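J.: Fold the following.
(one chain, ligands or ions: 1)
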Amino acid sequence: MHAASMLDQALIRLDEAARHLDLDPDVLEKLKYPRETTKVRLMIRLDDGSRKSFMAWRCRYDDTRGPTKGGIRFHPDSTIEEVETLAFWMTFKCAVMNLPYGGGKGAVQVDPHTLSKAELERLSRAYVQAFSKIIGPDRDIPAPDVYTNSMVMGWMADEYASIVGEATPAVITGKPIALGGSLGRDDATARGGYYLVRRLARQLGLEPGARVAVQGFGNAGQHIARLLAADGYRIVAVSDSKGAIHCTSGLDVGKLLAAKGQGSLTSLAGSDGISTLPADDLVAVDCELLVPAALEDMIHEDNAASVKARVVLELANGPVTPEADEILAKKNVLVLPDILANAGGVTVSYFEWVQNRQGYYWPIEEVHERLRTMMEREGDAIWALAQDKGITLRSAAYVHALSRLASAIEAHGTQQFFTS
Ligand code: GLU
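T.: Numbers count the residues shown, from 1 in each chain. Just a heads-up that it's a prediction; the model follows:
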């Protein structure tokens with residue numbers, strides 16, 4: 001990861017999109033810097049009685065369109081640059097989907113696998129104690145991200161409630177259903193990407209039967225494999241941080257989920273025509289659809305040329321570097337960009353927030369139907385924009401989001417208004 005230049009790299013997309021719009025200079029001045037990033041060293045007591053500290057951040061990148069929204073990740077490689085870049089992407093993701101939110105993100109620099117469950121709870125609560133003045137249902141609304149889950153969100157909501165003295169479920173999304181979570185939030189990231197693939201299947205040449213490789217078998221990777229396999233797509237390879245497996249005739253997703261639950265995908269190798277593969281080789285597997293569903297920068301200038309897929313569905317945030325993007329574009333590989341492709345997660349988070357505020361909970365069918373409608377609406381608009389302007393889907397997604405952000409920024413008055 002090129003941590004120091006990560007935000008600069010992300011900002012290249014902003015400049016690129018700006019070239020397609022007639023923007024007031026105020027817009028870029030507002031969007032090229034994070035508005036505020038708070039850094040706290042969290043201190044918790046470990047089970048053995050000792051104390052340990054962890055760096056933690058929360059960035060509110062831009063709140064022009066509403067309270068800031070975005071997940072909290074627990075990862076040993078997290079940095080302030082990464083948090084600010086992810087918050088920038090959230091700003092654009094929420095605008096792509098027309099959610100009434102700005103963009104935010106948080107992280108704790110920790111490997112959660114080294115903590116006991118009780119230590120993890122203390123760390124989650126310590127995060128909310130440290131950032132309780134920054135978050136709030138009308139200010140900044142966290143959610144799950146890499147290595148955080150609904151239980152962590154439940155602890156955080158509970159800690160917030162005890163600090164402010166009243167139940168405030170809308171302060172955080174991705175909570176357990178029993179604590180005010182929404183039905184359908186668990187598979188929402190994958191489901192949004194799935195609706196997009198199904199909507200654009202004809203244009204993308206991705207009808208059922210097409211071969212799929214999934215990189216990363218966490219929340220997003222597991223659900224996309226399940227949803228696509230149920231429609232007759234063939235999952236030919238999957239990987240996680242420990243390794244990858246491959247099977248040309250297609251893997252049984254039920255068996256994959258069981259093996260992952262027991263700790264190792266690679267335990268399936270050796271039978272049913274399944275072989276192991278170095279995890280790094282997954283991007284080069286012969287298939288029609290490649291789904292990066294792990295971390296940033298997985299497809300980069302040294303491996304982009306080896307991609308054989310016709311389409312890349314970015315369920316992870318930032319899995320393709322700008323250099324790799326150019327290589328893929330030259331090879332006519334279509335990239336369904338993260339700020340659209342994985343926006344199902346934050347969209348159902350928005351539904352959860354709405355339900356919390358209404359105190360009225362929707363059936364799963366309503367969650368799915370609303371998500372499908374929104375993914376199709378924004379997906380169609382971005383597809384049409386890309387065709388119309390002859391630009392990539394990523395550029396089109398940025399132009400689409402930027403025009404919404406620009407309208408909001410310009411509605412406060414531009415230079416012309418104040419000087420004429
Ligand atoms: N962490 C997810 C993302 O990157 C979800 C954010 C949210 O639900 O607020 O989009």
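J.: contacts and neighbour counts: CA atoms only from here.
T.: Noted.
J.: helices and strands around the longest strand seen in the chain, which ones?
T.: As assigned by DSSP state E, the longest strand anywhere in the chain is strand 51-62. The contact analysis (3 or more CA pairs under 8 Å, 6 or more residues apart in numbering; DSSP states H and E) places strand 51-62 against strand 36-45, strand 68-69, helix 80-96, strand 102-108.
J.: which strands and helices sit next to the shortest one?
T.: Counting contacts by 3+ CA pairs under 8 Å, 6+ apart, strand 68-69 is packed against strand 51-62, strand 102-108, strand 140-141.
J.: rerun at 6 Å
T.: In terms of contacts (3 or more CA pairs under 6 Å, 6 or more residues apart in numbering; DSSP states H and E), strand 68-69 is packed against strand 102-108, strand 140-141.
J.: So which elements touch the longest one?
T.: Looking back up the chat, that one is strand 102-108. Checked by 3+ CA pairs under 6 Å, 6+ apart, strand 102-108 has strand 51-62, strand 68-69, strand 72-74, helix 80-96 packed alongside it.
J.: ok, and which of these has the densest surroundings?
T.: Mean neighbours per residue, mean count of other CA atoms under 10 Å, is largest over those for strand 68-69, with a mean of 32.
J.: What number of residues are in the vicinity of the closest residue to the ligand within the stretch 101-250 of the chain?
T.: In the stretch 101-250 of the chain, the residue that lies nearest the ligand is residue 145 (3.9 Å; CA to the nearest ligand atom). When neighbours are defined as other CA atoms under 10 Å, residue 145 has 19 of them.
J.: returning to what we had before: now the helices and strands packed on strand 68-69 in TSV, please, with extra columns for mean pLDDT, distance to the ligand and mean neighbour count.
T.: Putting those into TSV (pLDDT from 0 to 100; distance: least, CA to the nearest ligand atom, whole Å; neighbours: other CA atoms under 10 Å) gives the following:
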stretch	mean pLDDT	distance to the ligand	mean neighbour count
strand 102-108	98	8	30
strand 140-141	98	7	27
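J.: Paired strands for the helix or strand encompassing residue 214, with orientation please.
T.: For residue 214, the host element (DSSP states H and E) is strand 211-215. Paired neighbours of strand 211-215 in the sheet (DSSP bridges): strand 234-240 (parallel), strand 289-292 (parallel).
J.: neighbouring contacts of the shortest one?
T.: When you say that, I think you mean strand 289-292. Identification of contacts with strand 289-292 by CA atoms under 6 Å, 6 or more residues apart in numbering yields 212-215, 309, 311-316.
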